[in-house]
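mind looking at a prediction? Sequence and model below.
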Amino acid sequence: MLELVKAGGWPMIPLLLLSVLALALIVERAWALRRVAVLPPNLGKEVRAWAATGKLDPAHIDTLRKTSPLGELLAAALDVRQRPRDQIRERIEDVGRHLVHKMERYLNTLGTIAAAGPLLGLFGTVVGMIQMFLGILDHGIGDVNQLAGGIGKALVCTAAGMLVAIPALVAHRWFRGRIAEYIVAMEHEAIALMDTLDTRPSVARAQAA
């Protein structure tokens, strides 16, 4: 492996840095986007049971907001629970956009790595080919086996760029899909909470008034 890195020359340095950065981002996002951290089990059911009683303590709502993204979304709905349903929905949509932005943190960087990896690899290959042909101009073709070896070494950068880009691209697409799945689940829990709030007599009387 070390010999391959040496064969690629100095263009391998940014590729190695990108690989380390991509690995760090994948590990960080995999930890942050765990299902138990975003959608704690039974949290929506507990909040609906709590809201049905009508005894909503502001301190409890603040604690709910800090538990998870789902808790933050449900807490936002509870903050405006006395308002009409359409206004509660607007608040949920506003907070939901902020939560999506937070969950997509670093994904643009990961996508950039996936796009830049092959280009850097191709750049390293072009640099290697230029150096090889300049050597031919100075010293002639010489040994054909040596020429083939030089071409092989130049292609090392292309292979390295693909090795960096493919995992980054797969992880980027996977995280995007996972976030979309979370959004649908959070929206379902928010709608269920609004239905629970609508069934309370006090809310029904307030809306009727």
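All right, it came through fine.

pLDDT value on Ala30, please?
Looking at Ala30, its pLDDT stands at 95.

give me the neighbour count for it.
13 (other CB atoms under 10 Å). C-beta coordinates here come from the backbone N, C-alpha and C atoms, glycine included.

in what helix or strand does it lie?
Secondary structure from DSSP states H and E places Ala30 in helix 12-32.

now the element after that helix, going C-ward?
Beyond helix 12-32 on the C-terminal side, the first helix or strand identified by DSSP H and E is helix 35-38.

can you list the residues that contact that following helix?
Trp31, Ser68, Pro69, Leu70, Met103, Tyr182 (CB atoms under 8 Å, 6 or more residues apart in numbering).

and for the spatially closest residue to the first one that is not a sequence neighbour, the neighbour number?
In this structure, Trp31 finds its nearest non-sequential neighbour in Ala37, 7.9 Å apart by CB to CB, 6 or more residues apart in numbering. The local packing of Ala37 (other CB under 10 Å) involves 13 other residues.

next: Gly54.
The tally of other residues near Gly54 (other CB under 10 Å) stands at 12.

likewise Ile183?
Neighbour tally, Ile183, other CB under 10 Å: 17.

show me the contacts for it.
Ile183 touches Gly96, Val100, counting by CB under 8 Å, 6+ apart.

re the thing from before, ok, residues contacting the helix holding Ala30?
Applying CB under 8 Å, 6+ apart, the contact partners of helix 12-32 are 5, 8, 37, 103, 105-107, 109-110, 113, 116-117, 120-121, 124, 156-157, 160-161, 163-164, 167-168, 171, 175.

from the residues you listed, list the buried ones, please.
The neighbour-count test (16 or more other CB atoms under 10 Å) applied to those identifies 8, 103, 106-107, 110, 113, 116-117, 120-121, 124, 156-157, 160-161, 164, 167-168, 171, 175 as buried.

just the ones of those in helices?
8, 103, 107, 110, 113, 116-117, 120-121, 124, 156-157, 160-161, 164, 167-168, 171, 175 (DSSP state H).

which two of the contacts of helix 35-38 have the greatest separation?
Farthest-apart pair in those is Trp31 and Leu70; separation 17.1 Å (CB to CB).

look at these two and report which has more neighbours.
Remark: of Trp31 and Leu70, Leu70 carries more neighbours, 22 against 9, as counted by other CB under 10 Å.

now that one: how far from Leu122?
43 Å (CB to CB, to the nearest Å).

same question for Glu90.
48 Å.

likewise Val47?
Counting by CB to CB, the gap from Val47 to Leu122 is 52 Å.

ok, these two, which is more surrounded?
Per other CB under 10 Å, whichever of Val47 and Leu122 has more neighbours is Val47, with 25 against 15.
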